[in-house]
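Asks: Need coordinates for the below:
(2 chains)
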Amino acid sequence: MKETEFIIPVGPQHPALKEPEKFLIKVDGEYVVDADVRMGYNHRGIEKAMESRTYLQGLYLVERICGICSCAHTTCYTQCIEEAMGLEIPERAKYIRVITAELERIHSHLLWLGIAAHEVGFDTLFFYIWRDREVVMDLLELISGNRVHYAMPTIGGVRRDIPPEKVNEIKKGCNVLEKRTKYYKELILNEKTIHNRGDGVGVLTPKEAVALCTVGPVARASGINTDVRADDPYLVYDEIPFNVITYDGCDVTSRILVRVDEVLESINIVRYCLDHMPDGPIRKVVSPLMRVPEAEVVSLVEAPRGELIHYTRSNGGMKPYRHKVRAPTLGNILAVCEMLKGGYIADVPIVIAGIDPCLCCADRIAFVDVNTDKRWVWTDEQLRRYGVKWYQQNS
Amino acid sequence: MEREDHVKIVEALKLDIGDENVINWKIPRARRIFVTVKADKLIDAVKHLAENGFGHVTTISGVDVGDGIEVVYHLTRRGRESITLSLKVKTDMKNSSLPTISGIIPGASIYEREVHDLLGVNFKEHPNLAPLVIPDNWPEDIRPLLKKWKVEEIRKRLAENEGD
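Replies: Model (predicted):
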């Protein structure tokens, strides 16, 4: 280490989100020279736990992997087990799964947009977006009875139908969401606060994005045209017209714009599904103690944060022999370390928040000065305030 | 139609690393391929696949198969009509080790660290195999995803070590 460098630990209580993860950030003055990551503060051993539970019990466990994208996990898990069983689910169930998944994407992206606004010190926008996010939360509650764990997909189909009167309610909600999201897009495109803090910040070149196996909106904001819904269509995504959103700014602003546009796409997907949903049964009944024939299945889903994989191996029993889950955030961790390099300390919170990390929730950042080997730790609030203040003084 | 070009991918791999080094393969459905190769041909196989579009590591899974550990590299050829090829190699249970593929695909390094933590596979020449998801004071011999470790036993050992 050069004499002019410091290492600053950031985490495990996180500067940007309420999840534990620790970044070790090597700094030279105000510049970040290198970044390393330490995770696992919230590792709950779910893969091990699945091996001692039946397939249906496993469904409840995967739903609780994440409180924000619970539906992505159950969608991925159920189609994994259904493929192993050779079970074809009713068409209507597929549409209902898509509707729930897209409503979840809208809520997840709006939640993140609010956080991004907060990280750059634009709290007015944060409150407005979170107020409007309640519209989609109400729709999720309307169809599932729950705000967080919707418990819609189950092995063989979905648990609840969407009757015609609810279809109208969802359409009304979509209109409100569309109007507000379009307004926010306009605002983001023209608001100096966003551009001052986002343009050219946390750059990830397309080449780096490919080499580091980046996924989801982060990859798409670096111009990589990849989306599991379009590339490896599951459920009924091959019948639904929608655009894969890409931006080539490779910075925080692009990551914001990708997600805003994806909210608009998701609203249209929900509308299409409501209009084209066929009548019929919503699930095939399976035994709670079912056996799954010997098989290995790779199941991929586009979660709000990107490509999600569940890999299962069954040996004919009532419990999975091995069930592997890789959530999209892990795929973007190496990329965020790369994005931090060369940037300012003040940009650390928004860059880390930029990948929308979901670690099941709270990290600190450790800093080391490369000049004096001085070390110090900041908590989330300290670092965020430092960033906002630094920009007030320096721009 | 689709399956034909899937078969071609496997045939090309066989041609490159040698027919005898591909132990078995299957194409259960469109866009999914599973290939098992000999462990000493892992690097050659990954190189060949990365050069032919399979440069995205979706993840790496480790499975305790009783008489060894199977490491599954889920490689994806991205773009419309993407294909996910799961490349499998088997290593011994004792002193399990494999060469790292992070030199070919840098994004693989984080997944190798995870497999090292949870199953104890030693990835040779890996840039940094420090614990990623297990705590710093985790007992060296406990690799939680190995079948020989029951949850109760892990709990008992951790309770004994409390305060270390």
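Asks: separation between the residue lying closest to A:G45 once chain neighbours are set aside and B:E112?
Replies: Of all residues beyond its chain neighbours, the one nearest A:G45 is B:P144 (6.4 Å), with distances taken as Cβ to Cβ, 6 or more residues apart in numbering or on different chains. (Each C-beta comes from the backbone N, C-alpha and C, glycine too.) Taking Cβ to Cβ, to the nearest Å as the measure, B:P144 falls 17 Å from B:E112.
Asks: Just want to know which of those two has more residues nearby.
Replies: A direct count of neighbours by other Cβ atoms under 10 Å in any protein chain shown for B:P144 and B:E112 places B:E112 higher, at 26 against 18.
Asks: For the more buried one, which non-adjacent residue is closest in space?
Replies: Distance criterion Cβ to Cβ, 6+ apart; nearest residue to B:E112, sequence neighbours excluded, is B:F123 at 4.5 Å.
Asks: partners of the strand or helix carrying that neighbour, with directions?
Replies: Element membership of B:F123, judged by DSSP states H and E, is strand B:122-124. According to DSSP bridges, strand B:122-124 forms sheet pairs with strand B:97-99 (parallel).
Asks: helices or strands up against the following helix or strand past the strand it pairs with?
Replies: Downstream of strand B:97-99, the next assigned helix or strand under DSSP H and E is helix B:109-119. Counting by 3 or more Cβ pairs under 8 Å, 6 or more residues apart in numbering or on different chains; DSSP states H and E, the packing neighbours recorded for helix B:109-119 are helix A:328-340, strand B:56-64, strand B:122-124.
Asks: any idea of the mean pLDDT for the first one?
Replies: Across helix A:328-340, pLDDT averages out at 90.
Asks: Stretch B:83-95 and chain A, any residue contact?
Replies: Yes - against chain A, stretch B:83-95 shows contacts by Cβ under 8 Å from any Cβ of the partner chain at B:T84, B:S86.
Asks: That stretch: which residues count as buried?
Replies: By neighbour count on 16 or more other Cβ atoms under 10 Å in any protein chain shown, the buried set for stretch B:83-95 is B:I83, B:T84, B:L85, B:S86, B:L87, B:K88, B:V89, B:K90, B:T91, B:M93.
Asks: Quick check, pLDDT for the second one.
Replies: Looking at B:T84, its pLDDT reads 96.
Asks: quick one: secondary structure of it?
Replies: strand (DSSP: H, G, I helix; E, B strand; the rest coil).
Asks: Run through the bridge partners of it.
Replies: Legend: beta-bridge partners of B:T84 under DSSP bridges are B:R32, B:T76.
Asks: For the most centrally placed residue in chain A, what are phi and psi?
Replies: The C-alpha lying nearest the average C-alpha coordinate of chain A belongs to A:R305 (Cα atoms, centre = their mean; 2.7 Å). As for A:R305, its main-chain torsions (degrees, to the nearest 10) stand at phi -90, psi 0.
Asks: Quick check: it touching A:I333?
Replies: No - applying Cβ atoms under 8 Å as the test, A:R305 and A:I333 come out as separate, 11.6 Å apart.
Asks: Please identify every residue contacting each of those two.
Replies: Shared contacts of A:R305 and A:I333 (Cβ atoms under 8 Å, 6 or more residues apart in numbering or on different chains): A:I355.
Asks: Tell me the residues of the stretch 51-200 of chain A that contact chain B?
Replies: When proximity is defined by Cβ under 8 Å from any Cβ, the stretch 51-200 of chain A lies next to chain B at A:S52, A:E83.
Asks: okay, now the residue of the stretch 51-200 of chain A found nearest chain B: neighbour count?
Replies: Across the stretch 51-200 of chain A, the shortest distance to chain B (Cβ to the nearest Cβ) belongs to A:S52, at 7.0 Å. Counted with other Cβ under 10 Å, the neighbours of A:S52 add up to 12.
Asks: which secondary element of chain B has the worst mean pLDDT?
Replies: helix B:151-161 (a mean of 87; mean pLDDT, DSSP states H and E).
Asks: Now do that one: everything it contacts.
Replies: A:G45, A:K48, A:A49, A:S52, B:N137, B:P139, B:I142, B:P144.
Asks: Could I get the contacting residues of the spatially closest residue to A:P304 that is not a sequence neighbour?
Replies: Spatial nearest neighbour of A:P304, chain neighbours left out: A:S108 (3.6 Å); criterion: Cβ to Cβ, 6+ apart. Going by Cβ under 8 Å, 6+ apart, A:S108 touches A:I68, A:C69, A:P304, A:R305, A:D356.
Asks: Tell me, how many residues neighbour residue 146?
Replies: You didn't say which chain, so I picked chain A. 12.
Asks: You answered for a different chain; I wanted chain B.
Replies: B:L146 has 17 nearby residues by other Cβ under 10 Å.
Asks: Would you mind measuring from it to B:D64?
Replies: 5 Å.
Asks: just to revisit the earlier point, how would you label the residue nearest to A:P304: helix, strand or coil?
Replies: Going by three-state DSSP: A:S108 is helix.
Asks: Could you do A:S222 as well?
Replies: Under three-state DSSP, A:S222 comes out as coil.
Asks: is it true that it touches A:A209?
Replies: Yes - counting by Cβ under 8 Å, A:A209 is a contact partner of A:S222 at 4.0 Å.
Asks: Give the residues shared as contacts by those two.
Replies: A:C250.
Asks: Wait, the residue of the stretch 51-200 of chain A closest to chain B touches A:G317, no?
Replies: No - if you go by Cβ under 8 Å, A:S52 and A:G317 don't touch, sitting 11.4 Å apart.
Asks: What residue, apart from its backbone neighbours, is nearest the residue in the stretch 1-150 of chain A that chain B sits nearest to spatially?
Replies: Here the residue of the stretch 1-150 of chain A nearest chain B is A:G40; by Cβ to the nearest Cβ that distance is 3.7 Å. Leaving aside its chain neighbours, A:G40 sits nearest to B:V133 (3.7 Å; criterion: Cβ to Cβ, 6+ apart).
Asks: next one: A:R92
Replies: Excluding the flanking residues, the one nearest A:R92 by Cβ to Cβ, 6+ apart is A:G280, at 4.8 Å.
Asks: what sits against the one you found?
Replies: A:P90, A:E91, A:R92.
Asks: for the stretch 101-250 of chain A, what spans make up the helices?
Replies: For the stretch 101-250 of chain A, the helices defined by DSSP state H, counting those that start in this stretch occupy A:123-144, A:164-190, A:192-198, A:206-211, A:216-220, A:228-231.
Asks: report the longest helix in chain B, please.
Replies: Counting by DSSP state H, the longest helix found in chain B is helix B:2-17.
Asks: Relative to the whole chain's centre, how far out is it?
Replies: For helix B:2-17, the separation from the chain centroid amounts to 20 Å (computed by Cα atoms, centre = their mean, to the nearest Å).
Asks: Residue 106: neighbouring residues, count only.
Replies: If you meant another chain, say so; for now it's chain A. Around A:I106 there are 28 residues (other Cβ under 10 Å).
Asks: switch to chain B, that's the one I care about
Replies: B:P106 is flanked by 18 other residues according to other Cβ under 10 Å.
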